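> this is a predicted model, with the sequence first.
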Amino acid sequence: MLFSSIVFLFFFFPIVLAGYYLLSFSRMAQNVWLFIFSIVFYAWGEPIYVLLMLSSIVVNWGSGLLVDKYREKPGVKKAWLIVACIFNLGMLFVFKYTGFLIDNINQLARADILPQIEITLPIGISFYTFQALSYVIDVYRGDTKVEKNPFYVGLYVAFFPQLIAGPIVKYNSVAQQIRTRKSSFRKLSVGICRFVTGLGKKILLANSFALLADQIFNWSELGIEHFNVPVVMAWMGAIAYTLQIYFDFSGYSDMAIGLGLIFGFKFEENFNYPYVATSVTDFWKRWHISLTSWFRQYVYIPLGGNRVENKDRMILNMFIVWLLTGIWHGAEWTFIFWGLWHFLFQLAERLLGYHKNNSHTVLMRIYTLLEVTLGWVLFRAKDLYQTNIYLRNMFGVSGNTFWDEMTGFLLKEYWLIFALGFLFSTPIAKRCNELLAERKMGILGKGMTIVYPVAVAGLFLVCVSYLVRGGYNPFIYFNF
């Protein structure tokens, strides 16, 4: 079930919200209510795989109890942690990478020595697996107290706002909120505004860019002999996808954070305007912050991080993290090379120190956007063959033209969407909100306090009208 769907907006969410506030007399009843409807939310799209998620909850809850029980016996405690890691990572491997592994073994052998297996990827498995595993690891480390109530662990793992695509939440950041969070009109109103903002980013911007990006990438799949995409058009497609994936994923994060606030929860931010970053290192401090933090806390630092005796070990640690980051995103070589692409640039920045150069911020932003955009081509392409064709088109080395009539037509159709995309990928709207909240906008600010809720309501109605018409509504991170 998508947040950006009529079923969610006018049936599921109103029922959950009404029941939640009718149960205000009991926090436990509210938690059980949210847990039950989180299971319904997941089962709507995954009626069979909901059992897989429930088994994940039970196993990780039980592993946490056993890790805590044998705290004074380090060997036994570690054994139960290993069991939890094998279960979580093994489950992820079986459902996400089995087919990829079989395909590559058969290709190396040049024969079908292993039978092909078609396994449907459970929605959100990469997210809830990492979240559940972080709970057991934190109990093992003593960073969070063990939770004896299975409903609390269940709500933590399955809570529908962040179940499908994060943000990846640590248990110690919500443990107290599960028990004693306080709802308020301010949280409700801010949460609704945040949700509608994310909905607008997803439906009006991400979906519009998706139409253009998908069309141009599909043309490139036809092959040079059928349609040789012009240089400008190839760059338009790459930039469209760069903006699509940002507004798609950050829009979903906004909706998740907004829904959390509506139910009294406060989640950490997952995006901080990554396209204004002044280096690749800075970009990854702003993009998908919860995933970057997860790999840093549970992979990079345990390996030794950058506090090691020599640079070779530090380079190896970085390589492992970025290799795993690429693998986490998908079972295809394009994702692996995408992770290694970012590894190379972050390594260069670390060794040369040019990411600390504050005297040429404009040039650094251009360099960062170029690196990120080329990386998204790898990420979006069907395979390495298409990546090669698309990059050749972008740099005019495939015998393609620089411009054609179709390029002009597409630019004429999408120039306003591009302008809005560029504008709202910067912190300008955030800064206006801050000035409004701090009452520093004078008479204009007083007018905005009246206009703002009307604008939010208008944005919601526009989004709904788009959905009613049945507009294109893909969601990139369902693939992960």
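Looks like it arrived, so ask away. Everything numeric in this text was worked out from a predicted model, so none of it was measured.

> from now on I want contacts and neighbour counts done on CA atoms only, so please keep to that.
OK.

> hmm, Glu118 is touching Gly99, no?
Yes. Using C-alpha atoms under 8 Å, Glu118 is in contact with Gly99, at 6.8 Å.

> leaving out sequence neighbours, find the closest residue to Tyr171.
Spatial nearest neighbour of Tyr171, chain neighbours left out: Tyr135 (5.8 Å); criterion: C-alpha to C-alpha, 6 or more residues apart in numbering.

> count the neighbours of that neighbour for me.
Applying other C-alpha atoms under 10 Å, we find 27 residues neighbouring Tyr135.

> again with the one 5 residues further on
Per other C-alpha under 10 Å, the neighbour tally for Tyr140 reads 25.

> show the pLDDT at it.
In the prediction, the pLDDT value recorded for Tyr140 is 95.

> now swap in Gly45 and tell me
76.

> could you do the one 5 residues further on as well?
In this prediction, Val50 carries a pLDDT score of 91.

> against Leu9, how distant is it?
The gap separating Val50 from Leu9 is 22 Å, by C-alpha to C-alpha, to the nearest Å.

> between those two, which one's more packed in?
Neighbours per residue, other C-alpha under 10 Å: of Val50 and Leu9, the larger number sits with Val50, 20 against 14.

> show me what secondary structure element comes after the lowest-mean-pLDDT helix or strand in the chain.
Taking mean pLDDT, DSSP states H and E as the measure, the chain has helix 428-437 as its least confident helix or strand, at a mean of 70. Downstream of helix 428-437, the first helix or strand assigned by DSSP states H and E is helix 442-468.

> longest helix in this structure, by residue count?
helix 74-109 (DSSP state H).

> so Ala132 sits right up against Asn60, yeah?
Yes. In this structure, Ala132 is within contact of Asn60 by C-alpha under 8 Å, at 6.4 Å.

> more neighbours, the two?
For Ala132 and Asn60, the more surrounded residue by other C-alpha under 10 Å is Asn60, and the numbers stand at 29 against 26.

> which of the helices or strands spans that one?
Asn60 belongs to helix 50-69, assigned by DSSP H and E.

> now that helix against helix 74-109, angle please.
Following axes from the mean of the first three to the mean of the last three C-alpha atoms, to 10 degrees, one obtains 140 degrees for the angle between helix 50-69 and helix 74-109.

> elements contacting helix 50-69?
helix 27-45, helix 74-109, helix 125-141, helix 150-158 (3 or more C-alpha pairs under 8 Å, 6 or more residues apart in numbering; DSSP states H and E).

> for the second one, which residues meet the burial criterion?
Spelled out, that is helix 74-109. 77-78, 80-81, 84-85, 87-88, 91-93, 96-99, 101-103 (16 or more other C-alpha atoms under 10 Å).

> now do the helices in the stretch 301-450 of the chain.
Ranges of helices in the stretch 301-450 of the chain, per DSSP state H, counting those that start in this stretch, are 301-303, 311-329, 333-352, 361-380, 384-394, 405-424, 428-437, 442-468.

> worst mean pLDDT among those helices?
helix 428-437 (a mean of 70).

> so how far is Leu416 from Tyr273?
Taken as C-alpha to C-alpha, the span from Tyr273 to Leu416 is 20 Å.

> comparing the two, which residue is more hemmed in?
Tyr273 (18 against 11).

> neighbours of Pro230, how many?
Neighbours of Pro230 using other C-alpha under 10 Å come to 23.

> so who does it touch?
For Pro230, the contact set (C-alpha atoms under 8 Å, 6 or more residues apart in numbering) comprises Asn393, Met394, Gly396, Asn400, Thr401, Phe402, Trp403, Asp404, Thr407.

> give me phi/psi at Ser425?
Phi and psi for Ser425, reported as degrees, to the nearest 10, are phi -90, psi 0.

> how near is the residue lying closest to it once chain neighbours are set aside to Thr197?
Spatial nearest neighbour of Ser425, excluding adjacent residues (C-alpha to C-alpha, 6+ apart): Tyr273 at 6.1 Å. Going from Tyr273 to Thr197 by C-alpha to C-alpha gives 15 Å.
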